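1. Quick check, what structure comes out for this input:
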Amino acid sequence: MKRLVLFIPLVIFMLLGLFLYKGLSMDPAARDSALLNRPLPEFSLPRLDQPDLVMTREDLLGQVFLLNVWGSWCPSCYDEHDEIIRMANLGVPVVGLNYKDQRPAAQRYLTQLGNPYTLNLFEPDGVRELAFNLGVYGAPETFLIDAQGYVRYHLAGVITPRLVDEVILPEVRRWQQATQ
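-> Residues are numbered from 1 along each chain as shown. Modelled structure (predicted):
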C-alpha cells in the first residue's frame, strides 16, 4: 500500500504533462465562432471618418465582404495590414471595425499605412455593440459575411499570405458565386 501511495504523485505529474503537451499543440486562432452560419448581429455604430453617420447591419447587406476587427494599438494588426490591402486590391470588400481605439490614433494609422477599408465602423469601448455580440476577444479578428448577412468564416488572429491564398480568397469567391 505504501508503494502505491508513492506512485500517485508520479501519475498526477504524468497526466498534467500530457494535458499541457496537448494544449501546446493546439492553434489558439483556430477557435470556431459561435456565430458561424448565423446572422451578423444587429448594430448601430458611427463611422470612423464621419462620426455623425451611423451605420447598421442593413447598410452592409447585399454583397459578400470581410469584417476586420482592428486597432491602432494592436501590433498584430500592423502585421496583417499589407494582406488586407492586397485583398482590397483584388476586389474583396473589407469593412473595418475599429475596436477599443481612439479616433485620432485610428485615423493616423490609416493615413500612415493606407486605408484598404470600404468603410470603418467605430466602436471605442468594444463592450456593448457589434464586437461584444460577435464574441470578439481581441484584435485582429476577421469574419466573412455573405450577401444575406450570415457569418461564413471566422479567423481569430493574423491574416497571412498563405491564409489569403488558400482559405480566405477561395471562401470569398465561393460565397460571391453563391449570390449570383
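2. now G96: how far from D146?
-> Distance of G96 to D146, given as C-beta to C-beta, to the nearest Å: 18 Å. For the C-beta atoms, the positions are set from N, CA and C on the backbone; glycine is no exception.
3. So which of the two has more stuff around it?
-> G96 (25 against 22; other C-beta atoms under 10 Å).
4. Verify the stated contact: that one with N68.
-> Yes - the criterion here is C-beta atoms under 8 Å, and G96 meets it with N68 at 5.5 Å.
5. what's the overlap in contacts for the two?
-> Listed as contacting both G96 and N68 by C-beta atoms under 8 Å, 6 or more residues apart in numbering are Y117.
6. List the contacts of the nearest residue to V136 once chain neighbours are set aside.
-> With C-beta to C-beta, 6 or more residues apart in numbering as the criterion, V136 has its nearest non-adjacent residue at 5.3 Å, and that residue is V69. By C-beta under 8 Å, 6+ apart, V69 lies in contact with 97, 99, 131, 134, 136, 139-143.
7. now swap in F132 and tell me
-> Counting by C-beta under 8 Å, 6+ apart, F132 touches G126.
8. which SS class is it?
-> Using DSSP: H, G, I helix; E, B strand; the rest coil, the structure places F132 in helix.
9. Let me know the pLDDT of it.
-> With respect to pLDDT, F132 scores 93.
10. Distance-wise, check it relative to G96.
-> 17 Å.
11. Having no further points to raise, I will conclude here.
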